[in-house]
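Enquirer: What would the 3D arrangement of this be:
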Amino acid sequence: MAWQPQAEPVAQLAQCLRDSLSGHDVAAQKNAEQMLRQAKSSPDINNYLAYLCVSPTPPPNMEALPYHAARSAAAIMLKNNVKTAFASIPDASKTYIKSTIIAGLRDGNAQIRNYAGNVITEVVRQGGILDWPQVLPDLLTMVTNENGQASPEAQDGAMGALFKICEDNKRALDKDIPNQGRPLAYLLPKFVELTTSSSAKIRSRALSAINVFLNEPIALTVRENIDRLLPQIVRLTSDTDDDVRRFVCRTFALLADGMPAVLVPHMEGIVDYTLSQQSDVKNQELALDAAEFFFEASSTASLRDALGPFLNKIVPVLLDCMVYSEDDQLRLEGDAEDADVEDDEKDIKPQFATSKTSRSAATGASLAQPTNGQTKPAINGYAYADDEDDLSEGEIEDDDFEIDPEDEWNLRKCSAAAVDSLASHFGGRVFEVTLPWLMENLGHKDWVNREAAVLALGAIGPGCMDSIQPHLPKLVPYMISLLSDQQPVVRQITCWALSRFAGWASHLEPAGKQEFFEPMMDGILQRMLDSNKKVQESAASAFATLEESANRELTPYSAVIVRQFVKCFDRYKDKNMYILYDCVQTLAEYAGPQLAEPELVDILMPALITRWQKVQDQSREMFPLLECLAFVATALGNRFTPFAKPIWERCMRIIHQNLEEGASATGAAFLDQPDKDFLVTSLDLLSSIIQALEEQYSTELATAAQPNMFQLLAYCMKDANNDVRQSAYALLGDCAIYIFAQLQQYLPTIMEILLNQLDLTQTTEDPETAFRVINNACWSCGEIAMRQKDGMAPYVDRLLTKLAIIMFAENVPESLNENAAIALGRLGIGCHQQLAPHLATFAGPFLQAMQKVGWTDEKGHAYKGFASVVLDNPQAMEQCLLDFFVEMANAPGLMLTGMQAGGPLQSFEKVLSQYKQLIGAGFDDYLHNLPPQQEQALRQLYAF
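Expert: Residues are numbered from 1 along each chain as shown. Model (predicted):
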């Protein structure tokens, strides 16, 4: 007999669900939550939840509004039960849920239809399509109203459920099922057919479902059928519904990104269509989706050239869309002089420690490029939006965090980004089209036009530099004058635009620099103390960009800059302080030693220390502050000594506290793990202090540290977080270089941890960050081996095995092969006799890896150790001796002599002398096998 609900449990459950949502009666809410937890153990609970969700009639003594809340809660609870415990739900209950929940799609309330669709989607996701084979045909029957009994609400609910299923099961729907083919091969023609529906809502939703499979990676079924699909998309360009046309524009944008070649033959029609949609200023969402096509197309190498013939059409429309709308104008004209108003905590975005590349002794640090090669400037000008919503299923966005409309991706920003991308590719051709528009708007009486012109100038500047440069002597002074514009938003965009030309101005001859760069720099510095906080923010960010562009050219102005920064420390509220730290650390990075002048130290450090004392240990402001101090410590060198002790002790306290909290959370499921960024930034600052201070002061700090520094370091080296371990191994290497005597007694423990880290099998979950950890472990191992020498004997055999595996590995970054080779070479300095028997096994791969490494002291040390191994077993080099001689010949003479006894010069000469003795009279003939240039260099560099 089929399961039937009982009236009393239905009423009780409805009341419990209703009470569980109540914030007014705390006692009732707690009681309801306890009863719901108990109800979960009932085998029928999910049946009752499904029944409640789809039953529109409330039980006796419950009104419609509370009952609606109870139904919603029932659907959410059911969906979560399916998500977390699908396998344990009895088969009979699963059957009931599947047979019942479809009815929820027919409900008169859109929210209930949506919740029912969520449950259906979760059942499909957990059980798979094969576990509910009828669901797709049933939903399609409801959408198409084949039996004539589906209401418009039912069609809407079914289409919404189909879309969710596609979104959550994209890959599964495109996979072959034995003897059945791909579910998407069945669905795709149905969706195409639905785009001809008389209902505009169904047409738009059907196209949005198709678009799911056009997102990268594009579904194979779509790729195979694109020639049949594309004409149907083109047919929809004449649709009268705005939403349908929006999704058509999105389809073109997705194809521009994923399958650009199919659009090239139709480019003129697509350009004309999207331009007509973008020009619909009354519908900003439609215009934005149209502009997205030009952004994607201009960012796709194979499609950019196809846009070339239409630049005269495209660029003016994009430029016009960069002007603020009337609504935005009214909103922005209300911006106040708010520099003295304290920030609300909700205004400050969460901060994270800066992502780092690893300490690569072989190749140096390199920055990863953003997707599609697009840089994404934030705060100023325009920011590029992420395509995906980062909230996970069921996660609720924090309503307390208000998003500034200026931070949202919109038509204006998308248009500016597209112009930027077009300018980067077409250069002067874009400038020719833009110039008349600029001349019309730069001096416009309305501030919105002036602001848009400055935005356009900044957007095209780098890409059109050759064409725009002759005009800069007039444009730059004009933009500098706009830094005093009455409208804050004009001052704000002008800061950003000027920073885009800082590279040009900062590298002019002295007279040009005085005429253009100094007023530019001074103007932005003055805006850093603007009466409007958004202008301050924009100016600070622009100045950080200027610092990077000017680089060493900034050094003569360090005193002026530091004084202005200190004024900003006095005036800034919490939010803008974060960007000020970036300004200070960028100055420290590029002006470097100049900051160590006593006068500047006395100005800058009190301001930083004042802020340091104000910020609490658990504040997220600690991340940028610690990062800033790390750069400052490096720049100041031993001038940092008077400030080091309290900063060192606080870093140790933060590390200890974080590790203790992590240990407590590991043993208690109800406790959250502490934020590991506190560990990362504290470890990095300790590294910088050790590098900056003279050895005796670093030694004092390390020796006096409580708890013991090296014991804490050992814990950090074992932390589950890759970023923490990466920073821990960087600190370990610096300890080996600068305070080895203090580190040495802890090596037995530390080396065992290090050996465990040299394991490529640990890189499966997050390869990029895991490789960085191993890179730093290799580097620190080499630094220890340099100083521990023959004391490394207990570890040599295991290190050789581990380092050789890394050195031989093919599917890892080259820097990892290289750092493993350098560490192995340095191990040979003190343990060459133990390595010598294995030389024939690793010599070839070692030389192959080392050939790619630039000549540094570290490479010199590695070859000194390798040469010692060769001297112990010269016969093992038979297969690769000439490769070794080529490397010797390529060594720079200045480096060889500069390294003196620490370098490989004497060892290389001993190797050459030994082989000369072994080969005998035929040695000169043997050297003729080298290229003439290398043979000559070998004879000039070495005495043998």
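
Enquirer: in the helix or strand of the chain with the lowest mean pLDDT, what's buried?
Expert: Each helix and strand of the chain was given a mean pLDDT (mean pLDDT, DSSP states H and E); the minimum falls on helix 26-39 at a mean of 78. Residues of helix 26-39 classed as buried by neighbour count (16 or more other CB atoms under 10 Å): 32, 35-36, 39. The way it works is simple: take the backbone N, C-alpha and C, and place the C-beta from them, glycine included.

Enquirer: Export the residues you listed as CSV, with columns for distance to Gln788.
Expert: Compiled in CSV, the buried residues of helix 26-39 are given as follows (distance: CB to CB, whole Å):
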residue, distance to Gln788
Ala32, 65
Met35, 65
Leu36, 62
Ala39, 64
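
Enquirer: Just the residues contacting the least confident helix or strand of the chain, thanks.
Expert: 12-13, 15-23, 45, 77 (CB atoms under 8 Å, 6 or more residues apart in numbering).

Enquirer: again, but for stretch 534-546
Expert: Applying CB under 8 Å, 6+ apart, the contact partners of stretch 534-546 are 335, 339, 378-380, 406, 488-489, 491-493, 495-496, 498-500, 502, 506, 520-521, 524-525, 527-530, 554, 568, 572, 575-576, 579-580, 582-583, 586.

Enquirer: Try it again at 6 Å.
Expert: Defining contact as CB atoms under 6 Å, 6 or more residues apart in numbering, one finds that stretch 534-546 is touched by 379-380, 488, 491-492, 495-496, 499, 502, 524, 527-528, 530, 576, 579-580, 582-583, 586.

Enquirer: mean confidence score for that stretch?
Expert: Averaging pLDDT along stretch 534-546 gives 96.

Enquirer: Next, count neighbours for the closest residue to Thr196 other than its chain neighbours.
Expert: With CB to CB, 6 or more residues apart in numbering as the criterion, Thr196 has its nearest non-adjacent residue at 7.4 Å, and that residue is Arg203. Using other CB atoms under 10 Å, Arg203 is surrounded by 21 other residues.

Enquirer: for Leu755, same thing?
Expert: Neighbour count for Leu755, taken as other CB under 10 Å: 16.

Enquirer: buried sites along the host helix or strand of Tyr67?
Expert: Take DSSP states H and E as the rule and Tyr67 turns out to sit in helix 64-85. By neighbour count with 16+ other CB under 10 Å, helix 64-85 contains the buried residues 66-83.

Enquirer: On the pLDDT front, check the nearest residue to Asn638 once chain neighbours are set aside for me.
Expert: Of all residues beyond its chain neighbours, the one nearest Asn638 is Glu694 (5.2 Å), with distances taken as CB to CB, 6+ apart. According to the per-residue confidence, Glu694 scores 95 in pLDDT.

Enquirer: do the same with Arg620
Expert: At Arg620, the pLDDT value in this model is 89.

Enquirer: same question, Leu896
Expert: Confidence at Leu896, expressed as pLDDT, is 89.

Enquirer: now Asp734
Expert: 97.

Enquirer: Please work out how many residues are found near it.
Expert: By other CB under 10 Å, the burial measure for Asp734, its neighbour count, is 21.

Enquirer: That one touches Ser688, doesn't it?
Expert: No. Under the criterion of CB atoms under 6 Å, Asp734 makes no contact with Ser688, lying 8.6 Å away.

Enquirer: rewinding a little: most widely separated two among the contacts of helix 26-39?
Expert: Comparing all pairs in the contacts of helix 26-39 by CB to CB, the longest separation belongs to Gly23 and Ile45, at 24.4 Å.

Enquirer: Comparing these two, which residue is more hemmed in?
Expert: When Gly23 is set against Ile45 and neighbours are counted by other CB under 10 Å, the residue ahead is Ile45, at 20 against 6.

Enquirer: Excluding covalently adjacent residues, which one is nearest to that one?
Expert: With CB to CB, 6+ apart as the measure, Ala39 is the residue that lies nearest to Ile45, at 5.2 Å, once sequence neighbours are left out.

Enquirer: What about the contacts of helix 26-39, which are in strands?
Expert: Nothing among the contacts of helix 26-39 maps onto strands, per DSSP state E.

Enquirer: returning to that earlier point: look at the residue nearest to Thr196 and report its pLDDT.
Expert: Confidence per residue is given as pLDDT, and for Arg203 that number is 95.

Enquirer: Isn't it up against Asp243?
Expert: No. Counting by CB under 6 Å, Asp243 is not a contact partner of Arg203; they are 8.3 Å apart.

Enquirer: Can you tell me how far Leu136 is from Asn225?
Expert: Between Leu136 and Asn225 the distance, using CB to CB, to the nearest Å, works out to 18 Å.

Enquirer: So the residue nearest to Thr196, which state does it fall into?
Expert: Following DSSP: H, G, I helix; E, B strand; the rest coil, the label given to Arg203 is helix.

Enquirer: what residues are up against it?
Expert: Shown in contact with Arg203 (CB under 6 Å, 6+ apart): 195, 197, 244.

Enquirer: ok, those vs Ser55, which is closest?
Expert: Among the contacts of Arg203, Ser197 lies closest to Ser55 (CB to CB), at 29.6 Å.

Enquirer: next one: phi and psi at that closest one?
Expert: Reported as degrees, to the nearest 10, the phi and psi values for Ser197 are phi -60, psi 150.

Enquirer: and Ser815, what element?
Expert: Element membership for Ser815, per DSSP H and E: helix 814-835.

Enquirer: that older thread, which one of the contacts of helix 26-39 sits closest to Met479?
Expert: Gly23 (53.0 Å).

Enquirer: Look at Arg406 and report its pLDDT.
Expert: Quick fix: residue 406 is Glu, not Arg. 67.

Enquirer: any weak-confidence spans in the protein?
Expert: Low-confidence segments of the chain, defined by pLDDT under 70, span residues 1, 22-24, 334-336, 340, 343-406, 667-670.

Enquirer: Kindly list the longest helix within it.
Expert: Looking only at the chain and at elements set by DSSP state H, the helix with the highest residue count is helix 641-666.

Enquirer: how close does Tyr729 get to Trp779?
Expert: Relative to Trp779, and taking CB to CB, Tyr729 is found at 7 Å.

Enquirer: ok, back up a step: in helices, which of the contacts of helix 26-39 fall?
Expert: Per DSSP H, those map to helices at 12-13, 15-20, 45, 77.

Enquirer: In ChimeraX, how would I select the buried members of these?
Expert: A single ChimeraX command suffices to select whichever of those are buried according to 16+ other CB under 10 Å:
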select :13,15,16,17,18,19,20,45,77
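
Enquirer: Next, format the ones in helices among the contacts of helix 26-39 as a markdown table and append distance to Ala219.
Expert: As requested, those are exported to a markdown table (distance: CB to CB, whole Å):
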| residue | distance to Ala219 |
| --- | --- |
| Gln12 | 46 |
| Leu13 | 41 |
| Gln15 | 46 |
| Cys16 | 43 |
| Leu17 | 39 |
| Arg18 | 43 |
| Asp19 | 45 |
| Ser20 | 41 |
| Ile45 | 37 |
| Met77 | 33 |
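
Enquirer: Among the ones in helices among the contacts of helix 26-39, which one lies nearest to Ala172?
Expert: When the ones in helices among the contacts of helix 26-39 are compared for distance to Ala172 (CB to CB), Met77 wins out at 25.3 Å.

Enquirer: Now for the closest one: which residues touch it?
Expert: Leu49.

Enquirer: distance of it from Glu649?
Expert: Using CB to CB, one gets 50 Å for the distance from Met77 to Glu649.
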